[in-house]
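Chemist: Fold the following and give me the result.
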Amino acid sequence: MFRSVFSASIALSLISPAVAGAADRPKQLVIVSFDGAHDNPLWQKSREMAAKNSAHFTYFLSCTFLMNQEAKKAYQAPHQKRGKSNVGFAQSDDEIRERLGNIWHAHLEGHDISSHACGHFDGRQWSEADWLAEYATFKATLKSAWKGVGLEEPAGWQDLVDHGIKGFRAPYLSTGGGADMIAAEKKAGFTYDASLVTRGPAMPIEENGIIRFGLPLIPEGPSEKPVIGMDYNLFVRHSKGEEDSADSAAFEDRAYTAFREAFDKQYAGSRIPLQLGFHFVEMNGGAYWRALDRLVSDVCRRADVACVSYSEAIPMIEARGKLQETSGL
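Modeler: Okay, the predicted model is just below:
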């Protein structure tokens with residue numbers, strides 16, 4: 001059902017040994033992404049982190065955070081009551097104004113603005129039509145966002161909404177929708193999906209014209225038991241999903257060690273891209289954001305490392321001339 005991405009590049013590598021040789025030691029890619037992308041102070045914090053480390057991030061935006069109380073009344077996700085969202089809505093027009101500024105400036109700074117749908121519902125039972133409806137709401141919300149809070153939108157905003165939002169990550173990393181979700185993504189104009197979970201760092205695959213990435217399982221903790229490389233999964237493992245600021249430093253060290261060892265393994269080996277996911281919530285006293293800051297500060301400015309968005313990673317992976325679909329563990 002799946003086929004490898006970039007078959008034309010593979011053919012080229014067979015024809016040209018020079019191209020294949022050049023791809024033997026590509027740059028180590030690190031792809032950091034954030035789900036939800038709502039809290040304005042964390043927008044600022046992440047942008048500053050990226051700027052000081054020559055990094056670009058991917059922001060998977062939930063569109064209800066651009067809906068004020070009036071817009072909230074009109075929003076209805078598939079099979080849900082009107083006005084319902086699992087992650088809430090914006091609390092004020094001023095909050096939306098600041099968020100729009102962060103989104104726009106992040107775009108200008110080279111970051112990837114992508115979609116996390118709207119109300120953060122599990123779409124595993126959704127049909128293609130259901131997904132298309134949610135994608136349409138996402139797009140309509142962004143297209144009218146500036147006007148909705150009384151602001152003049154910047155030149156280029158409509159082009160970003162129409163042509164610049166290329167990626168999607170399903171809420172809860174729920175891919176149960178399978179072919180219906182992928183078919184809807186293609187019709188909605190997405191080119192990549194980042195909803196999968198892989199056994200370890202892995203190259204993307206292609207399904208029905210959509211390039212599919214997956215967050216990896218990485219060894220973590222004294223027993224090195226694999227965990228999804230995402231802050232929420234570490235939060236659940238470390239403190240059973242309950243806030244524990246007292247042990248924040250220990251959790252930070254564990255997370256950093258897991259991130260760094262996963263990076264080092266790929267850097268010294270096959271250089272499969274390392275993907276890590278985060279949320280705009282500082283869980284366990286900010287342990288996981290601090291671990292991320294340490295990682296990007298340590299590795300992103302190396303000459304043979306590129307901390308890039310998903311959109312930037314795709315042509316860099318194409319340039320390698322081949323795919324390695326084996327696990328990085």
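Chemist: unless I'm mixing things up, S62 is touching E134, no?
Modeler: No: the criterion here is CB atoms under 8 Å, and S62 misses it with E134 at 10.9 Å. Placement of C-beta: from N, CA and C, glycine included.
Chemist: any shared contact partners between the two?
Modeler: Residues touching both S62 and E134 by CB atoms under 8 Å, 6 or more residues apart in numbering: 117-118.
Chemist: more neighbours, the two?
Modeler: S62 (25 against 22; other CB atoms under 10 Å).
Chemist: could you list every residue that touches that one?
Modeler: 35-38, 87, 116-120, 171.
Chemist: rerun at 10 Å
Modeler: 35-38, 85-89, 115-120, 138, 171, 280 (CB atoms under 10 Å, 6 or more residues apart in numbering).
Chemist: Just the helices from the chain, written as ranges.
Modeler: 7-15, 17-22, 40-52, 69-74, 93-108, 128-143, 145-148, 157-159, 179-188, 231-239, 248-268, 287-299, 310-318 (DSSP state H).
Chemist: Does anything pack onto the fourth one? Which helices or strands?
Modeler: Same thing as helix 69-74. In this structure, helix 69-74 makes packing contacts with helix 93-108, helix 128-143, helix 145-148, judged by 3 or more CB pairs under 10 Å, 6 or more residues apart in numbering; DSSP states H and E.
Chemist: Of all those, which one comes closest to K187?
Modeler: helix 128-143 (6.3 Å; CB to CB).
Chemist: Check which residues of that closest one are buried.
Modeler: 128, 130-135, 137-139, 141-143 (16 or more other CB atoms under 10 Å).
Chemist: From what I see, R47 and H111 are in contact.
Modeler: Yes: between R47 and H111 there is a contact at 7.6 Å, judged by CB atoms under 10 Å.
Chemist: Mutual contacts of those two, please.
Modeler: 57, 59, 105.
Chemist: so which of those comes closest to L42?
Modeler: Among the shared contacts of R47 and H111, and counting by CB to CB, the member closest to L42 is Y59, at 10.4 Å.
Chemist: On the pLDDT front, check the nearest residue to that closest one once chain neighbours are set aside for me.
Modeler: Closest residue to Y59 apart from its sequence neighbours, by CB to CB, 6 or more residues apart in numbering: A37 at 4.2 Å. Confidence at A37, expressed as pLDDT, is 97.
Chemist: Please tell me how far A37 sits from V197.
Modeler: Distance, A37 to V197, by CB to CB, to the nearest Å: 21 Å.
Chemist: ok, these two, which is more surrounded?
Modeler: A37 (25 against 15).
Chemist: List the contacts of the residue nearest to Y59.
Modeler: So A37 contacts 43, 46, 57-62, 65, 99, 102-103, 106, 113-114, 116, 279-280 (CB under 10 Å, 6+ apart).
Chemist: Kindly report the same for W131.
Modeler: Counted by CB under 10 Å, 6+ apart, W131 has contacts 78, 117, 123, 168, 170, 177, 180-185, 187-188.
Chemist: Least confident of the residues you listed?
Modeler: Minimum pLDDT across these falls on G177, with 67.
Chemist: Adding mean pLDDT and distance to V308, write the helices and strands packed on helix 69-74 out as TSV.
Modeler: Shown next, in TSV, are the helices and strands packed on helix 69-74 (pLDDT from 0 to 100; distance: least, CB to CB, whole Å):
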stretch	mean pLDDT	distance to V308
helix 93-108	98	14
helix 128-143	98	23
helix 145-148	97	26
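Chemist: Looking at these, spot the one closest to D193.
Modeler: Between the helices and strands packed on helix 69-74, helix 128-143 lies closest to D193; by CB to CB that is 11.3 Å.
Chemist: between that closest one and helix 93-108, how big is the angle?
Modeler: Relative orientation of helix 128-143 versus helix 93-108 (axes from the mean of the first three to the mean of the last three CA atoms, to 10 degrees): 100 degrees.
Chemist: Kindly export helix 128-143 (C-alpha atoms) in CSV.
Modeler: Provided in CSV are the C-alpha atoms of helix 128-143 (Å, rounded to 0.1, in the frame of the first residue of the first chain):
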residue,chain,number,x,y,z
GLU,A,128,-13.2,11.8,3.8
ALA,A,129,-16.1,14.3,3.8
ASP,A,130,-15.7,14.9,7.6
TRP,A,131,-12.0,15.6,7.2
LEU,A,132,-12.6,17.9,4.3
ALA,A,133,-15.2,19.8,6.3
GLU,A,134,-12.7,20.3,9.2
TYR,A,135,-10.0,21.4,6.8
ALA,A,136,-12.4,23.9,5.1
THR,A,137,-13.1,25.4,8.6
PHE,A,138,-9.4,25.7,9.3
LYS,A,139,-8.8,27.5,6.0
ALA,A,140,-11.8,29.8,6.3
THR,A,141,-10.9,30.7,9.9
LEU,A,142,-7.4,31.7,8.9
LYS,A,143,-8.6,33.6,5.8
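Chemist: what separates that helix from the chain centre, distance-wise?
Modeler: Remark: helix 128-143 is offset 19 Å from the chain centroid, using CA atoms, centre = their mean, to the nearest Å.
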